[in-house]
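J.: let's see this in three dimensions:
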Amino acid sequence: QLQLVESGGGLVQPGGSLRLSCAASGFTLDYYAIGWFRQAPGKERMGVSCISSSGRSTNYADSVKGRFTISRDNAKNTVYLQMNSLKPEDTAIYYCAARPFPLCSTSHMDYWGKGTLVTVSS
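T.: From the prediction side, this is the model:
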């Protein structure tokens, strides 16, 4: 069964850091671009970051540029999202998704995890 499982969410104070993980089972991520998305309460889901299958290309939403870093370890079949300088407005459920193409795009995100909750609050 093809699955993506997010982990690493939790409660953190403003200015703190978290590292999210997206682990795949049932398939290898080597040939997939991976995106991180988030959905805050009462808001639409938005793209946060994406990394190409090779890891050589990344992109970020303007709201997280300079604070978040996406990376991947294909040997571990896992993609990470390092989140620093967290703000209350980063509070959301974070999802990872896999696209069966080497480059990032908003289309064809065929596989989704169930999400991990990140709460930034003092």
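J.: what count of nearby residues applies to the closest residue in space to Ser25 that isn't next to it in sequence?
T.: Using Cβ to Cβ, 6 or more residues apart in numbering and skipping the chain neighbours, the partner closest in space to Ser25 is Gln3 (4.8 Å). All C-beta spots, glycine's among them, are computed from the backbone N, C-alpha and C. By other Cβ atoms under 10 Å, 13 other residues sit near Gln3.
J.: ok, now how distant is Gln3 from Ala61?
T.: Distance of Gln3 to Ala61, computed by Cβ to Cβ, to the nearest Å: 25 Å.
J.: cool, Gly15 as well?
T.: 19 Å.
J.: what about those two, which has more around it?
T.: It is Ala61, of Gly15 and Ala61, that has more neighbours when counted by other Cβ under 10 Å, with 15 against 11.
J.: quick one: the strands in the chain?
T.: For the chain, the strands defined by DSSP state E cover 3-7, 10-12, 18-25, 33-39, 46-51, 58-60, 68-73, 78-83, 92-99, 111-112, 116-120.
J.: what packs against the last one?
T.: Spelled out, it's strand 116-120. When contacts are defined as 3 or more Cβ pairs under 8 Å, 6 or more residues apart in numbering; DSSP states H and E, strand 116-120 packs onto strand 10-12, strand 18-25, strand 92-99.
J.: one more time with 6 Å, if that's ok
T.: Applying 3 or more Cβ pairs under 6 Å, 6 or more residues apart in numbering; DSSP states H and E, one finds that strand 116-120 makes contact with strand 92-99.
J.: same question, the shortest one
T.: The contact analysis (3+ Cβ pairs under 6 Å, 6+ apart) places strand 111-112 against strand 92-99.
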